[in-house]
Each structure stands twice: as structure tokens, then as C-alpha cells.
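*Asks:* from the sequence below, what's the structure:
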Amino acid sequence: MKLKLIFSITLFTLVFMSCSEDNSLFSPKILVQKTNYQLDFEEAIVLNPEIENLTETTINWFLNDEIVSTEPTYTFLSNSIGENELKLVVENSAGKETLIYNIRVFGKYAEGVFIVSASSENDNGTVGFLKDSIFTSKVFQLENPDKTLGTDLISGQISDNKLYFVSQSGANYITVTNAETLKLEETISTSEARNPAYISLVDNDKAYILSAYSNTRLLYNVDFTNAAIQNKIDGISDVPAIQSAVLAIENKLLIADGNSVKEFDTTTESVNEILTFSDNVSGIVTDPNNNIWIATEGRNEEATFVKLNADLSIAETVKLGTDVKLYRNGMLTSANSKYFYWQETSTGNIHRFDSENKTQELFITPFNYNLFFTTALKIHPKTGDIYLAGVTDFFDMSNSVMLIFNEEGEELNKFENIGTAPTDFVFNYKELYQ
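*Replies:* All right, here's what the predicted structure looks like:
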């Protein structure tokens, strides 16, 4: 009997221990499929990961190392521009698991089109913004209520998350803002250059700017340390006052200078003439394969597009015929498209050159759209759409209009009263920040 009793007690103990092991605590596990997100400014996202083994488990959400919640579900509101690290930590006495969400929050101006206008009712330049077919005027003033842009605002350019606005008359000749938020970062109010116009960025510390004054179309250094435009580059004397007059290639600039193309080494600041033509150079553009093309006017001979080899020698020359002149003030432009667009200044018509088929054609006649004076022409690098701006009244530059066309020449949209004397488009898109 004693043996039977001992056996029964032992068996009961083993069964009890086995049951206890079945009810033991397990470490928590987090099950998710996606941990990387991109959000617009003030966009919300609900994160509800599946968590196994929640018994006696603590939950902590950390945003940039600060606890923001202890609930299983967390709603992230994107109001901090840039990269955000959201960490979920679940833990009990059996173990601990951590999951990290990487959330990139874009500023409210990270996707859209800035429209630069020369003047306003108080003579200062203005910047409008187009996003999702909604135009908002004077966005710089909205983000910087106590600040003003310079007079005769002529251009803008994005580089390394900064947006550079250039004024020909000051007081601030260069205004630098954050490209996503438009918040002011710095200004340059001293300039040796008369009528500075278009800036070429080498890096955050080095840039050069073209002077668009009629008698001194020169190139100058931009000194960000001393907040000054100064020290003109010797060997440059006749650069056309258009954005395509200068092309940046790594640490070098190709510059249209009169009837020649010159290479400027930004490291040594030396100038070398590499090509000479019988007519003035109208601009320097690139095709989608990064081939460089030189445009020349049709004064002494037919206007041409000249394709260069990698060593900057001439690969081929395409004559455009006698019906176009491709004058160097015709706003020649290119951007990730096989087409190069320009305005024939004698007619006001917009023509284009097909770099694949080597043909030119009339694209549109702005007069047919009540655009009597075209002041800005550019291609959207992402969509290939063509943007035009100008005025409908020669005597009132505030009667402005912006037209958007696709590559087939179909009008996609039209916006009126976009600013006094619009001068430039700056295209912003999220791929620039990735």
C-alpha cells in the first residue's frame, strides 16, 4: 500500500509540474510587415502591430528616445520634418523585443512648383506655390512674416535641401531657405556684380553667379562665409543672361561666352576655351543620356545644335534650317527630356528640338493662349510637362498667367494672377531628398 501511495503522489507531482510548464510565461514577439514610411507634413498614420504573448508585458513607444505612449496602438502625427525613429519596446520577465520604425516626414513644400516673380505692390519679389492644382501666392511671406525677398527677383534653384533665390537689385541679393519648409536660413546683401541673376552651386560652401547686366555679363564668386558676391572670374566676358548659359559637371563649369564655350575648373579657378563657333552660343543643355549639346545662333550661318563627346570634342552638328534663329535670349531649356525648348524672340513662338530624331519643330504659339509676353519657360524634370509664364498686358505686369502643356502640346492647366512679372519656375519633388 505504501508503494502504491508513493507512486500516486509522484505521478500527481509530475502531472502538476507538467501543467505548470504549459502555463509558463513566454517572451513577447512583434509581427509586422512594414517598418519604413514616408509621410507628408501633418499627415497621421495609425501603427497597430500584432504582438504575441502580451501576458504581464509592458509596452513603450519611444519617439527619438522619448516615451510617447504605453498602448499597443500608436498614432504618429508627422510634424517633425526629416528622419524620425519610432521605437516599440515590449518586455516581460521572459524576454524583450524591440521594433524600429523609420519615418521620413516631408515638409509641406517638398512636392510642387515654386513660381518666382520679380516684383509686387511694395517692389519686393514674391514666390507662389502650386501643388495638386492649387496655387498659393506669397508663400515666402507666409513662412517668414517679418522678412522680404529682394527686388527684381529673377531666379531660384534647389541644391542639397536648400532653395536659393536671386535678386538683381537687392537689398538681399541671395536669399537661402530650407527647400521643404521655406524657412529663412541666410541672406547675402553685398554684391560686386551688377544685376546678379543665375547661381551655380558646386557644394554648400562654393557657388558662382552670373551677372546679367547688359555691358558686364560676367561670372563671380559667391562667398557664403563673408556673405558677399565678389571676385569676378577672369577670362569670362560675354555670358548670355539665361540659366542654360552655365552647365555644372562635377567640379567644373561649362560656360557659354560669346561665340565660344569655356571650361572653368572650380578647384583651380582656371579658364580654358574649348570650342569656338562662327555665331554666339545660345546655351548648353543635356539629353536623358547626359550627352552635352551646344546651341548656336543663326546669324551668320544656320542655327545649330552640336553634340559633344565625353572628352568635350564635337561628335556631330545638326543644322536647324533658316526658319529659326535660336537667339541666345530665347530661354533655351532642357530637363530629363529628349526635347530642348526655346522661344524664337522674333515671333514669340516656342520651338523644340528632338535630340533623338535630330529635328526641330514649332511647339506652340503663346499668342493663341492670350500670352503676349513670355517671361519664363521650363520643363518639369519628373513629368516632362512644359511650363510657361508671362503677362497678358504689356502695360501691366501684374496681369500674369501660367500655362502647362504636355509633350503633345495639349494645354493641361492655366492659372492667372500668379505674381507680378513671373521670371522662373523651381520644381520640387521628394526624389530630391532620397
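*Asks:* tell me which stretches of this structure form helices.
*Replies:* With DSSP state H as the criterion, the chain has helices at 2-22, 139-143.
*Asks:* which one of those has the lowest average pLDDT?
*Replies:* Confidence, taken as mean pLDDT, is least for helix 2-22 of the helices of the chain (a mean of 44).
*Asks:* who's in contact with residue 93?
*Replies:* Residue 93 is in contact with 25, 56, counting by Cβ atoms under 8 Å, 6 or more residues apart in numbering. Heads up, the C-betas are built off the backbone N, CA and C, glycines and all.
*Asks:* for it, what are phi and psi?
*Replies:* For residue 93, the backbone dihedrals are phi -70, psi -20 (criterion: degrees, to the nearest 10).
*Asks:* ok, now residue 278?
*Replies:* Residue 278 adopts backbone torsions of phi -80, psi -20, taken as degrees, to the nearest 10.
*Asks:* how close does it sit to residue 257?
*Replies:* Distance check for residue 278 against residue 257: by Cβ to Cβ, to the nearest Å, it reads 15 Å.
*Asks:* out of the two, which sits in the more crowded spot?
*Replies:* Legend: neighbour count by other Cβ atoms under 10 Å for residue 278 and residue 257, higher for residue 257 (23 against 11).
*Asks:* was I right about that one contacting residue 238?
*Replies:* Yes. Because the distance of 5.5 Å satisfies Cβ atoms under 8 Å, residue 257 is recorded as touching residue 238.
*Asks:* and residue 407, how many neighbours?
*Replies:* Residues lying near residue 407 (other Cβ under 10 Å) number 15.
*Asks:* which residues sit in contact with it?
*Replies:* Shown in contact with residue 407 (Cβ under 8 Å, 6+ apart): 337, 339, 384, 385, 386.
*Asks:* give me that answer again for 10 Å
*Replies:* Contacts here follow Cβ atoms under 10 Å, 6 or more residues apart in numbering; on that basis residue 407 touches 337, 338, 339, 352, 363, 379, 383, 384, 385, 386.
*Asks:* wait, which of those residues is closest to residue 169?
*Replies:* Distance from residue 169 was checked for each of these by Cβ to Cβ. The minimum falls on residue 379, at 28.3 Å.
*Asks:* and the closest one, bridged to which residues?
*Replies:* On DSSP bridges, the residues paired with residue 379 through beta bridges are residue 386.
*Asks:* that one reaches residue 406, doesn't it?
*Replies:* No. If you go by Cβ atoms under 10 Å, residue 379 and residue 406 don't touch, sitting 11.0 Å apart.
*Asks:* overlap in contacts, these two.
*Replies:* Looking at what touches both residue 379 and residue 406 (by Cβ under 10 Å, 6+ apart), the common residues are 385, 386.
*Asks:* quick one: which of these two has more around it?
*Replies:* Higher neighbour count among residue 379 and residue 406: residue 379, with 22 against 12, using other Cβ under 10 Å.
*Asks:* quick check, pLDDT for the more buried one.
*Replies:* 97.
*Asks:* if I look at it, how far off is residue 338?
*Replies:* Distance of residue 379 to residue 338, given as Cβ to Cβ: 11 Å.
*Asks:* what touches both of the two?
*Replies:* Each of 352, 407 lies in contact with both residue 379 and residue 338 under the rule Cβ under 10 Å, 6+ apart.
*Asks:* in the chain, what helix or strand scores lowest on average pLDDT?
*Replies:* Sorted by mean pLDDT, DSSP states H and E, the helices and strands of the chain end with helix 2-22, the least confident at a mean of 44.
*Asks:* okay, now residue 30: neighbour count?
*Replies:* 16.
*Asks:* residues contacting it?
*Replies:* Contacts of residue 30 were listed using Cβ under 10 Å, 6+ apart, and they are 49, 50, 51, 52, 59, 88, 89, 90, 97, 98, 99.
*Asks:* for the fifth one, list each beta-bridge partner.
*Replies:* Counting by DSSP bridges, residue 59 is bridged to residue 90.
*Asks:* isn't residue 260 right up against residue 284?
*Replies:* No. Taking Cβ under 10 Å as the definition, residue 260 is not a contact partner of residue 284, at 11.7 Å.
*Asks:* more neighbours: the two, which one.
*Replies:* Using other Cβ under 10 Å, the more surrounded residue of residue 260 and residue 284 is residue 284, with 24 against 15.
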